[in-house]
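J.: structure for the following, please:
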Amino acid sequence: VRSSRRTLPRAEHRSRALVAKVFFAWELGQGLGHLARLRPMMERAVASGHGVTLAARELANVGRVIGDLPVTALQAPLCRRELGREEIATQSFAQILRNCGYHDAETLTTLIAAWKHLMSLSGAELVIVDHSPTAMLAAAALELPVVAFSSGFTHPPPGSPFGVFDAAPDAATRDALSALDETLKSNVNRAVDRVGGAPLETLADLYQRADDVFFFTVPAFDHFGQRAEAKYCGVVEEFSEVGPPRWPGDGAPKLFAYLKPHRDLPHFLEQLVRLRLNVLVYHNDLPAQTVERFAGQTMRFTREPVDLRAVAEQAALAVVNANLGTSFRLLTKGVPL
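T.: Below you'll find the model as predicted:
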């Protein structure tokens, strides 16, 4: 916070220490890593006597990560809409934005206004975001300083087309993505014209307006490649209080899995049962019927975070959804993933 290029507004308090209202935002993405990156700064803010508000995408997971910290937790404004098959298969970061409300200026205007309202109600003086582009637009409209925390993927470097995943797209793909950039930029500019803020010259400018950015990863894990000027802070431990892994049995090789719902998941679990491995599955939201069907002597399911250091010492293999923190901890200990 101290390294932010803007000066934090001085709160109107008659105390000897600066007391501020800090607003944390998690808007897009899944998994607990977004909250895990924000938690250490929440702890520091609370310990310093600052008021803390969190607007989170998934409130159901907040308690698992922030525990009993005295934080006001609110539901983050979101755009939920049915996506076609061609929309789900994204080729650039701009397409992710399109799928999350940037497809329409009216929708985006409403989302920015909702974020502004939450920030104003909380008395926010500093905004700290993780994967929260619309929250950044709202903070800019309110002229609040913004600090961005990122896994690397959630804060693409400038360029056109914006945030392309394929390092060498063909000409037709590049032209289509460039056209989408222009459409989304137009939608953003129409929205900020109504709710406040400066217009974008390029879509990438949306991510260049943070006053400071911290990358909670290492250069080799940066999805867009190592950046010369980036502040790499290492991967944050996902949980500070975790229990040891409790495997369902002994003898068989241990397999750790961090899984999410998928149409082929039951088939995959069937194969693991046939192999008679010693499987521990950590999950957030698997259907109850799936857990009941497969839990048994060779497979155990848990929603409680486990000690990844112990998992790395004991597991012969891991299967995950490319979760940054989990992948990093297991790979750096040499666990096949």
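
J.: mind checking pLDDT for L18?
T.: Here the pLDDT value assigned to L18 is 64.

J.: ok, S240 next?
T.: Residue-level confidence at S240 comes out at 58, pLDDT.

J.: equivalent analysis for the one 10 residues further on, please.
T.: Reading off the confidence values, D250 has pLDDT 84.

J.: need phi/psi at it.
T.: Note on D250: its backbone torsions stand at phi -130, psi 160 [degrees, to the nearest 10].

J.: tell me which residues touch the closest residue to D104 other than its chain neighbours, please.
T.: Spatial nearest neighbour of D104, excluding adjacent residues (C-beta to C-beta, 6 or more residues apart in numbering): N187 at 6.6 Å. For every residue, glycine as well, the C-beta is placed using N, CA and C. The neighbourhood of N187, defined by C-beta atoms under 8 Å, 6 or more residues apart in numbering, consists of 102-105, 108.

J.: just send the residues you listed back as JSON lines, with distance to A25, secondary structure and neighbour count too.
T.: Output for those, formatted as JSON lines (distance: C-beta to C-beta, whole Å; DSSP: H, G, I helix; E, B strand; the rest coil; neighbours: other C-beta atoms under 10 Å):
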{"residue": "Y102", "distance to A25": "16", "secondary structure": "helix", "neighbour count": "26"}
{"residue": "H103", "distance to A25": "21", "secondary structure": "coil", "neighbour count": "18"}
{"residue": "D104", "distance to A25": "21", "secondary structure": "coil", "neighbour count": "15"}
{"residue": "A105", "distance to A25": "21", "secondary structure": "helix", "neighbour count": "19"}
{"residue": "L108", "distance to A25": "16", "secondary structure": "helix", "neighbour count": "25"}
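
J.: would you turn those residues into JSON lines with pLDDT and distance to H262?
T.: Written out in JSON lines, the entries for those read as follows (pLDDT from 0 to 100; distance: C-beta to C-beta, whole Å):
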{"residue": "Y102", "pLDDT": "97", "distance to H262": "26"}
{"residue": "H103", "pLDDT": "96", "distance to H262": "25"}
{"residue": "D104", "pLDDT": "94", "distance to H262": "29"}
{"residue": "A105", "pLDDT": "97", "distance to H262": "34"}
{"residue": "L108", "pLDDT": "97", "distance to H262": "30"}
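
J.: if we can go back for a sec, in which helix or strand does the residue nearest to D104 reside?
T.: Taking DSSP states H and E as the definition, N187 sits inside helix 171-195.

J.: so for that helix, mean pLDDT?
T.: Taken as a whole, helix 171-195 has an average pLDDT of 97.

J.: what residues sit buried inside it?
T.: Applying a neighbour-count criterion of 16 or more other C-beta atoms under 10 Å, one finds 174, 176-178, 180-181, 184-185, 187-188, 191-192, 195 buried in helix 171-195.

J.: quick one on the thing from earlier: quick one: which of the contacts of N187 is nearest L308?
T.: Using C-beta to C-beta, Y102 comes nearest to L308 of the contacts of N187, at 34.7 Å.

J.: surely that closest one and L184 touch.
T.: Yes - using C-beta atoms under 8 Å, Y102 makes contact with L184 at a distance of 4.9 Å.

J.: any stretches of the stretch 201-337 of the chain with poor pLDDT?
T.: Flagging of the stretch 201-337 of the chain using pLDDT under 70 yields the residue ranges 238-241.

J.: related to what we said a few turns ago, closest to G251 among the buried residues of helix 171-195?
T.: The closest of the buried residues of helix 171-195, once distances to G251 are taken by C-beta to C-beta, is L177, at 51.7 Å.

J.: just the helices in the stretch 151-300 of the chain please.
T.: 171-195, 265-275, 288-294 (DSSP state H, counting those that start in this stretch).

J.: just send these back as CSV, with distance to L118 too.
T.: Shown next, in CSV, are those (distance: least, C-beta to C-beta, whole Å):
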stretch, distance to L118
helix 171-195, 13
helix 265-275, 35
helix 288-294, 33
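
J.: where does the stretch 1-150 of the chain have low pLDDT?
T.: Judged by pLDDT under 70, the stretches of the stretch 1-150 of the chain that qualify are 1-18.

J.: what about the helices in it?
T.: If you assign secondary structure with DSSP H, counting those that start in this stretch, the helices in the stretch 1-150 of the chain sit at 33-47, 62-66, 85-88, 93-97, 105-122, 133-141.

J.: which elements pack onto the third one?
T.: Judged by 3 or more C-beta pairs under 8 Å, 6 or more residues apart in numbering; DSSP states H and E, helix 85-88 is in contact with no other helix or strand.
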